[in-house]
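Novice: Kindly generate the corresponding structure for this input.
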Amino acid sequence: MFEKRYKDAFERASDERKERILEVGIEEFASKGYENANINVIAKNAEISIGLMYKYFATKEDLFVTCLQRGMQILDDALDEIMKSDDKLLIKAEKVIRTTCTHSKKNANYIKLYNEITSEKNDERARALAEEIESSTSKKYITSIAQALAKADVRGDLDPRLFAFFLDNLLMSLQFSYTCDYYRQRFEIYTGVNVDEMDEEKVVSQLLKFIESAFTFEK
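Specialist: Here you go, the predicted structure:
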């Protein structure tokens, strides 16, 4: 797991400055990918000197990881609140779908950054990023599905880990469909409608029906 990757100087910076640096960094990494992102450009667009940037972050990778962690935390906090509730699994699923739609449209650059790192070519970094990004979410989904299974709220023949994996794949694809060009085009090819013109309630209800059939219909 990644630990804190910024220096104490960044921690002492004003909230406004930290916000600006991370927002600019996320936009640069999301649009160009890790390898092509330029820390000099990030410093310039954040209106700070490159010297000050290196007082905040020792390397480009440290800045990248900090940007990634910030984007992850926003969605993770929302998921945490949903998954800790006493709601039945399908109620949680509906809330997660709605949160995914809202988060994807509101924080498009975070999702683009996520999409960029799924094609990470550095094997060691890819493993570390996967561990950092997926561990928390996977535990939340696996735990909630296992709890629903124990309460007989879902079909009795499912494997919580595999179902958590399949569920997250659906939600990941939905995230990308709102933000990433290839997936946006893919959405339109399948549905015949641009995702921006699609009724969000229809997306939520149809995906929930799909999930409900998987979780509740036994052979």
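Novice: Run a quick neighbour tally on residue 83.
Specialist: 19 (other Cβ atoms under 10 Å). For the C-beta atoms, the positions are set from N, CA and C on the backbone; glycine is no exception.
Novice: Surely it touches residue 145?
Specialist: No. Assessed by Cβ atoms under 8 Å, residue 83 is found out of contact with residue 145, at 10.2 Å.
Novice: tell me which element the residue lying closest to residue 99 once chain neighbours are set aside is part of?
Specialist: Spatially, and ignoring its direct neighbours in sequence, residue 99 is nearest to residue 78 (5.0 Å; Cβ to Cβ, 6 or more residues apart in numbering). Using DSSP states H and E, residue 78 maps to helix 60-83.
Novice: Helix or strand next in line after that helix, which one?
Specialist: For helix 60-83, the following helix or strand on the C-terminal side (DSSP H and E) is helix 89-106.
Novice: Could you list every helix and strand in contact with that following helix?
Specialist: Where contact means 3 or more Cβ pairs under 8 Å, 6 or more residues apart in numbering; DSSP states H and E, helix 89-106 is packed against helix 60-83, helix 108-117, helix 123-150, helix 160-179, helix 200-216.
Novice: Need the winner for burial among these.
Specialist: Across those, averaging neighbours per residue (mean count of other Cβ atoms under 10 Å) puts helix 108-117 on top, at a mean of 21.
Novice: ok and that helix relative to helix 60-83, angle-wise?
Specialist: 110 degrees (axes from the mean of the first three to the mean of the last three Cα atoms, to 10 degrees).
Novice: And helix 108-117, what does it pack against?
Specialist: Looks like helix 108-117 contacts helix 15-36, helix 60-83, helix 89-106, helix 123-150, helix 160-179 (3+ Cβ pairs under 8 Å, 6+ apart).
Novice: For residue 95, grab the count of nearby residues.
Specialist: Applying other Cβ under 10 Å, we find 18 other residues in the vicinity of residue 95.
Novice: residues touching residue 17, list them.
Specialist: Residues near residue 17 by Cβ atoms under 8 Å, 6 or more residues apart in numbering: 46, 48.
Novice: let me redo that: residue 110
Specialist: Contacts of residue 110 (Cβ under 8 Å, 6+ apart): 26, 30, 71-72, 74-75, 103.
Novice: nearest to residue 39, of these?
Specialist: The nearest member of the contacts of residue 110 to residue 39, counting by Cβ to Cβ, is residue 26 at 13.3 Å.
Novice: Run a quick check on that closest one versus residue 71, I expect a contact.
Specialist: Yes. Counting by Cβ under 8 Å, residue 26 touches residue 71, with 6.1 Å between them.
Novice: who touches both of those two?
Specialist: Listed as contacting both residue 26 and residue 71 by Cβ under 8 Å, 6+ apart are 109-110, 113.
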